[in-house]
Each structure stands twice: as C-alpha cells, then as structure tokens.
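Colleague: please find the sequence and the predicted model below.
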Amino acid sequence: MSKIEDAVAETGNRHFVTALARGLAVLRCFDRPRLELTVTEIARLTGLSQPTTWRLCSTLLECGYLVRGTSGASLRVGAPAVTLGYAAVQGLGPSELVRPYLQQLTDQTKGNSMLSVRSGTDIISVEQVHGEWITPNQPIGWRAPLIAIPSGLAVIVAMDEAARQDLMATLAATDPVWPRHRERIERAQAQYARDGYVILTGMVDGQYSAVATPLFVEGQSGQQWALSIGGATSRWSEAHLRQAGQALCKVATLLRPALAVT
C-alpha cells in the first residue's frame, strides 16, 4: 500500500479523491535539495508503482505543472506550480501561514498547538491555538530557555553539529544544572533521530506534557522555527503524545518548504 492509500485509510474520508492526492504527492517530492527527479525517484518517494507514477507525471507535464529537466530524463516543477506556491505565501507572515495548521492540530488532538522561533538561548511563542488546557501567564510572545520546553529542544537537535556544539558551550558556561540539561538534550537527540519529534513531560509543576518537531532542516540558513502541541499530563499519556507527534510531523513536512521562503 502506498503512502497515499495509507492516508485514505487513516482519514476514512469518503470525499477523498485518491487520484488528486497522488498528483499532489508527486509535486511535493520536489524541494530545494531535489530540484530535478526521475520518474523512478518519484515512485520511490511516493511509494507508488512506476506505471502509476509515469501516468501522473505525464498528466502533470501536459498541464504544465511539470517540465523536462536539464538532462531530458528528469523532471522539475513548471511555472503553474511555482505560481501556486507564491500565491500561498505572498503577503503572509509565518504566523498567518501556520495558524490554520495549528487550528487543525488542536481540533484533531484537543491540545495546545504553538509555533515558536529561536532567539539566542531562548525560544519565543509566535502563534498559538488553545485546546482544553489553558496554560497560565503564557500569551503570544512569552519566552522560555531552549532547554526548558520541547520546542527549544527540537531546535537544538535540528541544528548542524558545529552550531549545536557552540550553543551547548554557551549554555554550559551559564547553566548551574548543565549536566542534567545536557542529558536531556542527548535524550532528545536520540528520540528525534528515531521518531522525528521530541517529547517532554512533567512541565508546569508536573501538570503539562508536550511534543515538538523542528520546522527547518539541518544546515538551513534563516530563522529556526519549531512546532509543538501538548496538554494536561493527566490526560496525555505516552501513547497520546506519540500519536500527536506523528500528526505534528505530517504538518511539519508541509510547512518546512513554505517557511524557508517567507
């Protein structure tokens, strides 16, 4: 079963148009590191069969959403697809761009969803949507140390190695409980490598737990964003956090390329 069929099975949406989803999945294969792809590469990335992938690519070529690459054997996105991308981000700041997805996550999980950005050794809330748990004294713009919440940890683990070591040296020089926090970062690195997200439990005097994932890729220049969602520890079990983490990763996959150009 392809990734698209998996999505249909998960949503159970009888209005879901599989052919359209497949075509969009083909277009999503193209990003900055992968400006040109062969049909074989697209088939591998989407999980679709090669004949199905070729039919989709042929249709997208005919409509102009794909064009021939420099080698003749590869494909790249055409002007209509680029126009759609610009239309999606033109005039929108990161908050406006991400907010519908935060609302979607909150509707899905009933948790608090948040977009945040790194500022030095802190992480700052830029946009948030509240679920069933209202975190006291945390309006938009509140900040916390990177090592204190999962959004900050998600930023740290996604940094390139040299930048992360520089940051950790800065933290070590000023943090009175650095050995404990270094272990927290190491656990977060291991979890992110395995799952694509970071979980932190027992915040706000043990009452709050959350999961986060970075919205940038290692080595990417520009601002370092993170996406998180959480809720009351009494209601958010480990299994619940993992389910939320998987939902978070799906949204992050959609948002990373868009945030890179805002």
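Modeller: Noted; the coordinates are in hand. Since we're looking at a predicted model, the values are computed, not measured.
Colleague: would you map the strands across the chain?
Modeller: 66-68, 75-77, 112-119, 122-129, 143-145, 198-202, 208-214, 225-232 (DSSP state E).
Colleague: got those strands as TSV, with distance to Ala188 and mean pLDDT columns?
Modeller: (Each C-beta comes from the backbone N, C-alpha and C, glycine too.) Below are those laid out as TSV (distance: least, C-beta to C-beta, whole Å; pLDDT from 0 to 100):
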stretch	distance to Ala188	mean pLDDT
strand 66-68	39	90
strand 75-77	35	90
strand 112-119	15	94
strand 122-129	13	93
strand 143-145	14	93
strand 198-202	5	95
strand 208-214	9	96
strand 225-232	12	95
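Colleague: between these, which gets nearest to Gln243?
Modeller: Closest to Gln243 of those, according to C-beta to C-beta: strand 208-214, at 9.3 Å.
Colleague: does anything pack onto the lengthiest helix in the chain? Which helices or strands?
Modeller: In the chain, with assignment by DSSP state H, the single longest helix is helix 238-259. Applying 3 or more C-beta pairs under 8 Å, 6 or more residues apart in numbering; DSSP states H and E, one finds that helix 238-259 makes contact with helix 79-89, helix 94-109, strand 198-202, strand 208-214, strand 225-232.
Colleague: export the ones you listed as JSON lines, with columns for distance to Arg14 and mean neighbour count.
Modeller: Formatted as JSON lines, the helices and strands packed on helix 238-259 follow (distance: least, C-beta to C-beta, whole Å; neighbours: other C-beta atoms under 10 Å):
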{"stretch": "helix 79-89", "distance to Arg14": "26", "mean neighbour count": "12"}
{"stretch": "helix 94-109", "distance to Arg14": "18", "mean neighbour count": "17"}
{"stretch": "strand 198-202", "distance to Arg14": "34", "mean neighbour count": "21"}
{"stretch": "strand 208-214", "distance to Arg14": "30", "mean neighbour count": "27"}
{"stretch": "strand 225-232", "distance to Arg14": "27", "mean neighbour count": "27"}
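Colleague: tabulate the ones you listed (a markdown table), appending distance to Pro176.
Modeller: Formatted as a markdown table, the helices and strands packed on helix 238-259 follow (distance: least, C-beta to C-beta, whole Å):
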| stretch | distance to Pro176 |
| --- | --- |
| helix 79-89 | 43 |
| helix 94-109 | 34 |
| strand 198-202 | 20 |
| strand 208-214 | 23 |
| strand 225-232 | 25 |
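Colleague: tell me which of these lies nearest to Asp122.
Modeller: Judged by C-beta to C-beta, the one of the helices and strands packed on helix 238-259 that comes nearest to Asp122 is strand 225-232, at 12.2 Å.
Colleague: nearest residue to the most centrally placed residue in the chain in space, please, no chain neighbours.
Modeller: With the centre of the chain defined as its mean C-alpha position, the nearest residue by C-alpha atoms, centre = their mean is Ala252, 1.7 Å away. Leaving aside its chain neighbours, Ala252 sits nearest to Thr213 (4.8 Å; criterion: C-beta to C-beta, 6 or more residues apart in numbering).
Colleague: got the contact list for that neighbour?
Modeller: 154, 192, 196-198, 226-228, 245, 248-249, 252 (C-beta atoms under 8 Å, 6 or more residues apart in numbering).
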